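Trainee: coords please:
(one chain, ligands or ions: 1)
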Amino acid sequence: MKIAVIGTGYVGLVTGTCFSNSGNDVTCIDIDEKKIAGLKQGEIPIYEPGLKEMVLRNAEEGRLKFTTDTPAGVREAEIVYLAVGTPQGDDGSADLSAMWAVVKAIAPHLREDAIVVTKSTVPVGTNATIYGMLQELTGRDCDVASNPEFLKEGAAIDDFMKPDRVVVGVRRPEVSDKLEQLYSPFLRTEKPFLSMSPESAEMTKYVANALLATKISFINEMANLCEKMGGDINDVRRGIGHDSRIGFAFLFPGVGYGGSCFPKDVRALNAMTVSKGLEPTMLRAVDEINERQKSVMANKLDAHFGGDLSGKRIAIWGLAFKPETDDIREAPALVLVDWLLEKGAAVVAHDPEAIPNVRAELGDKIEYSERRMATLDGADALCILTDWKAYHQPDFAEMYQLLKEPVVLDGRNLYDPARMAARGYCYHSIGRVSVD
Ligand code: NAD
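Mentor: All right, here's what the predicted structure looks like:
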């Protein structure tokens with residue numbers, strides 16, 4: 001099939017690349033000239049495991065092209081995917097300005113039989129609005145489908161190629177059939193292709209993200225309580241997770257969720273709820289707990305250093321909002337960095353992939369290190385914010401030698417408190433006893 005994907009970010013680039021990998025002819029379009037020029041040279045603008053190799057291979061074989069020329073990119077396409085950003089607007093609802101700009105830009109150039117598909121996460125009713133806009137702009141009924149994306153950054157290729165399910169929202173069964181055909185190479189293990197109304201598909205994406213965010217906020221609230229009650233959240237997690245009604249997924253306590261999806265999607269669903277005169281009690285609590293959780297490391301540092309951080313040198317391991325990505329949007333680590341700088345501390349940070357993005361935002365307000373151990377040299381404490389694999393089993397004796405004080409604040413519960421005590425560390429984690 002001939003496919004155009006508009007918006008070549010985390011989702012658009014992965015979508016376009018995976019569709020080209022199954023033999024389709026894909027054009028990825030973006031207004032960011034630098035990004036497209038780089039992609040044409042084989043430079044991948046984001047870090048995502050396995051993506052680079054797949055982009056290079058499919059581009060070389062002529063199935064994957066990149067352009068800033070929207071009319072030329074969509075003219076031949078049977079399916080036009082919209083994957084532009086839908087960030088949080090000033091009032092918490094999704095900002096759809098990029099989406100509207102794209103709809104206006106493509107309307108005069110669409111094939112008569114083109115199917116326009118929203119891949120971006122968009123508020124319920126957006127599909128119907130796009131359908132109306134295209135009717136007005138083209139003078140005909142265009143097929144507009146919704147196909148929300150459930151991939152996780154850090155495992156995006158795998159998630160796209162082996163989805164748990166594919167959800168589409170359509171008005172006509174023929175559109176569903178065509179999309180099922182497009183997805184058939186990824187559904188060979190009998191994972192379901194679920195066809196529903198556009199409104200249900202749009203709602204599904206928000207409900208999925210809001211439920212995942214709820215699980216995180218729930219376990220974080222329980223972790224904070226555990227700490228006060230003298231329990232260990234890791235034991236509690238194991239104690240509940242073996243109940244088949246509960247399970248283990250997404251019940252790891254930490255420093256709060258971040259990224260470009262959960263925070264904005266919870267708030268957008270909150271705004272939708274309010275706009276319909278309903279009370280978003282749960283959604284509001286999920287967001288509030290998460291905002292509070294982002295301060296948990298600051299509170300622990302404050303308590304440890306008696307409220308005075310000025311002149312302290314704090315090492316940070318992990319800046320990305322989660323491992324295996326360079327994405328720092330709404331990353332809890334950046335909230336901690338801001339707080340430390342405000343308190344007069346010096347920060348030296350390591351991250352395997354996110355340093356260029358942080359440097360672009362913070363410049364030389366903090367120090368960066370290419371090597372995780374080098375951050376510890378002379379530091380008064382180490383804070384772990386992202387659970388990159390490289391942080392799981394460091395050389396604790398070397399760490400002890402390098403740190404000025406053997407103080408570790410672990411926002412991801414990577415180590416065992418008793419073992420850390422035996423190694424001579426002062427160790428604080430989330431929802432477990434601290435060892436001093
Ligand atoms: P992103 O910011 O990485 O990429 C968006 C791209 O759209 C950018 O490259 C931007 O230059 C481009 N763009 C903006 N306006 C344009 C225009 N008029 N014409 C062409 N290109 C334009 O965003 P993302 O993380 O890929 O997210 C895209 C959508 O997918 C969002 O709605 C998001 O909520 C949703 N989503 C994201 C994830 C994720 O993990 N990142 C997962 C599922 C769904």
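Trainee: List phi and psi for the nearest residue to residue 355 once chain neighbours are set aside.
Mentor: Taking CB to CB, 6 or more residues apart in numbering as the measure, residue 355 lies nearest to residue 368, with 5.0 Å between them; neighbours along the chain are not counted. Any C-beta I mention is one placed from the backbone N, CA and C, and that applies to glycine too. The main-chain torsion angles of residue 368 are listed as degrees, to the nearest 10 and equal phi -120, psi 150.
Trainee: from memory residue 368 sits against residue 347, does it?
Mentor: No. Contact status for residue 368 versus residue 347: not in contact, 9.5 Å apart, counting by CB atoms under 8 Å.
Trainee: Tell me which of those two has more neighbours.
Mentor: In this comparison of residue 368 against residue 347, neighbours counted by other CB atoms under 10 Å, the higher total goes to residue 347 at 23 against 19.
Trainee: so the more buried one sits in a strand?
Mentor: Yes. With the criterion set as DSSP: H, G, I helix; E, B strand; the rest coil, the secondary structure at residue 347 is a strand.
Trainee: residues touching it, list them.
Mentor: Each residue near residue 347 by CB atoms under 8 Å, 6 or more residues apart in numbering is listed here: 313, 314, 315, 316, 337, 340, 341, 365, 366, 367.
Trainee: Report the separation between it and the ligand.
Mentor: In this view, residue 347 and the ligand are 26 Å apart by CB to the nearest ligand atom, to the nearest Å.
Trainee: Counting neighbours, what do you get for the nearest residue to that residue once chain neighbours are set aside?
Mentor: Beyond its immediate neighbours in the sequence, the residue positioned closest to residue 347 (CB to CB, 6+ apart) is residue 366, lying 4.1 Å away. For residue 366, the number of neighbouring residues by other CB under 10 Å comes to 19.
Trainee: residues contacting residue 366?
Mentor: 337, 341, 346, 347, 348, 349, 358.
Trainee: Tell me which two of the residues you listed sit farthest apart.
Mentor: 346 and 358 (15.4 Å; CB to CB).
Trainee: which one of these two has more residues nearby?
Mentor: For residue 346 and residue 358, the more surrounded residue by other CB under 10 Å is residue 358, and the numbers stand at 23 against 19.
Trainee: SS state for the more buried one?
Mentor: Here residue 358 takes the helix state, with states given by three-state DSSP.
Trainee: That one contacts residue 351, doesn't it?
Mentor: Yes. Using CB under 8 Å, residue 358 is in contact with residue 351, at 7.2 Å.
Trainee: Give the intersection of the neighbour lists for those two.
Mentor: residue 319.
Trainee: Up against the ligand, what does the protein have?
Mentor: 6-12, 29-32, 35, 83-86, 98, 101-102, 120-121, 149, 151, 153, 260-261 (CB under 6 Å from any ligand atom).
Trainee: Sort out which of those are buried, if you could.
Mentor: Buried residues within these, counting neighbours by 16 or more other CB atoms under 10 Å: 6-12, 29-31, 35, 83-86, 98, 102, 120-121, 149, 151, 153, 260-261.
Trainee: Next step: the residues you listed restricted to strands.
Mentor: 6, 29 (DSSP state E).
Trainee: Next, work out how far apart whichever residue of the stretch 151-300 of the chain sits closest to the ligand and residue 10 are.
Mentor: Among all residues of the stretch 151-300 of the chain, residue 153 sits closest to the ligand, at 4.4 Å; criterion: CB to the nearest ligand atom. In this structure, residue 153 lies at 6 Å from residue 10, with CB to CB, to the nearest Å as the measure.
Trainee: what's the overlap in contacts for the two?
Mentor: Common neighbours of residue 153 and residue 10 (criterion: CB under 8 Å, 6+ apart): 48, 327.
Trainee: mind listing the strands for this protein?
Mentor: Under the criterion DSSP E, strands of the chain are mapped to 2-6, 25-29, 64-67, 79-82, 115-118, 143-146, 166-169, 193-196, 313-317, 346-350, 367-368, 381-384, 407-410, 426-428.
Trainee: Let me have those strands in a markdown table, extended by mean pLDDT.
Mentor: Rendered in a markdown table, the data for the strands of the chain read as follows (pLDDT from 0 to 100):
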| stretch | mean pLDDT |
| --- | --- |
| strand 2-6 | 98 |
| strand 25-29 | 98 |
| strand 64-67 | 98 |
| strand 79-82 | 98 |
| strand 115-118 | 98 |
| strand 143-146 | 98 |
| strand 166-169 | 98 |
| strand 193-196 | 98 |
| strand 313-317 | 98 |
| strand 346-350 | 98 |
| strand 367-368 | 98 |
| strand 381-384 | 98 |
| strand 407-410 | 98 |
| strand 426-428 | 98 |
